[in-house]
Each structure stands twice: as structure tokens, then as C-alpha cells.
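> coords below, sequence missing:
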């Protein structure tokens, strides 16, 4: 119950911080958002208005995530957000907590050194 109350309080805090939706076209490419929304085989079609709403929601979430990561970054005395800052922001705020496991997966792929393509042997 305490976790639920904390999450609700934080959600209210986020709503107070969020600015009203700006009019106009979202900044994210709508074709990419539509493609992502359509990746689920259970999704049939996605209307243009739905794509715009999804894009705006993604933009607002990214903005909040950047603010959270920037708070972590400033505590470390830096002005450049690093991957670790995003991880800590995901762990510190309930609204970002769902990303924690996904970021562990991403981190594993970031840490792997890309293999150089094999060069054909000279004949």
C-alpha cells in the first residue's frame, strides 16, 4: 500500500511538472511511430490522430526521463548525461522503474565489442 501511495504521489508530481500539450506536429518522425505501433501483430491499423498522440506521449516521457537523468548527472558534478545516469533515473523514480530490466539488456549489448567483419583472404 505504501508503494502504491508513493507511486500515486509521484504521478501527481509529474502531472504538476508536465506542461500542457503544445499545438502542432510532434517532433518525432510519425512514420517511425506508426511502424512501431504496428509491430504488434494484434494491432490492425493505427489512425493518424492516434500516431500523433503516441508521438506526443513519447516526447513528453523522453522529456521527463531526461530531466530525471539530468538530476542524477548534476549530483555527480557533470553536465553530460551518461548511460549510468539514465539507469539510476530509472531506478530512482517509480514512473521510470519499468525500464530497469530493459536497460540491463541494453547495457549488455553496449558493453559487447562489435566484431570486425572478416576480410576475404587475398588470392
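Structure's in. What do you need? No experiment lies behind these values; they were computed from the predicted model shown.
> Give the buried residues for the helix or strand hosting residue 107.
Residue 107 is located in helix 100-111, with elements delineated by DSSP states H and E. For helix 100-111, the neighbour count (16 or more other Cβ atoms under 10 Å) marks residue 103 as buried. For every residue, glycine as well, the C-beta is placed using N, CA and C.
> which helices and strands sit right next to it?
Helices and strands touching helix 100-111, by 3 or more Cβ pairs under 8 Å, 6 or more residues apart in numbering; DSSP states H and E, are helix 83-92.
> Provide the contact partners of the helix it packs on at residue level.
65, 68-73, 76, 96-97, 99-100, 103, 107, 110 (Cβ atoms under 8 Å, 6 or more residues apart in numbering).
> and the angle for that helix with helix 100-111?
For helix 83-92 against helix 100-111, the angle by axes from the mean of the first three to the mean of the last three Cα atoms, to 10 degrees is 170 degrees.
> quick one: buried residues of helix 83-92?
85-90.
> Just give me the closest of these to residue 26.
Of all the buried residues of helix 83-92, residue 26 sits closest to residue 86, with 21.7 Å by Cβ to Cβ.
> on that earlier part again, filter the contacts of helix 83-92 to the buried ones?
65, 68-70, 72-73, 96, 99, 103.
> So which of the residues you listed are in helices?
Among the buried ones among the contacts of helix 83-92, the members found in helices (DSSP state H) are 65, 68-70, 72-73, 103.
> any chance of these in a markdown table, with distance to residue 54 and pLDDT too?
A markdown table is the format used below for those (distance: Cβ to Cβ, whole Å; pLDDT from 0 to 100):
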| residue | distance to residue 54 | pLDDT |
| --- | --- | --- |
| 65 | 16 | 92 |
| 68 | 21 | 93 |
| 69 | 22 | 94 |
| 70 | 24 | 96 |
| 72 | 27 | 93 |
| 73 | 28 | 93 |
| 103 | 21 | 84 |
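> Grab the two from those that are most spread out in space.
Farthest pair in those, by Cβ to Cβ: 70 and 103, 16.6 Å.
> which secondary element of this protein has the worst mean pLDDT?
helix 2-17 (a mean of 54; mean pLDDT, DSSP states H and E).
> For whichever helix or strand comes after it, buried residues please.
Sequence-wise, the next helix or strand downstream of helix 2-17 (DSSP H and E) is helix 30-37. In terms of neighbour count (16+ other Cβ under 10 Å), helix 30-37 has its buried residues at 33-34.
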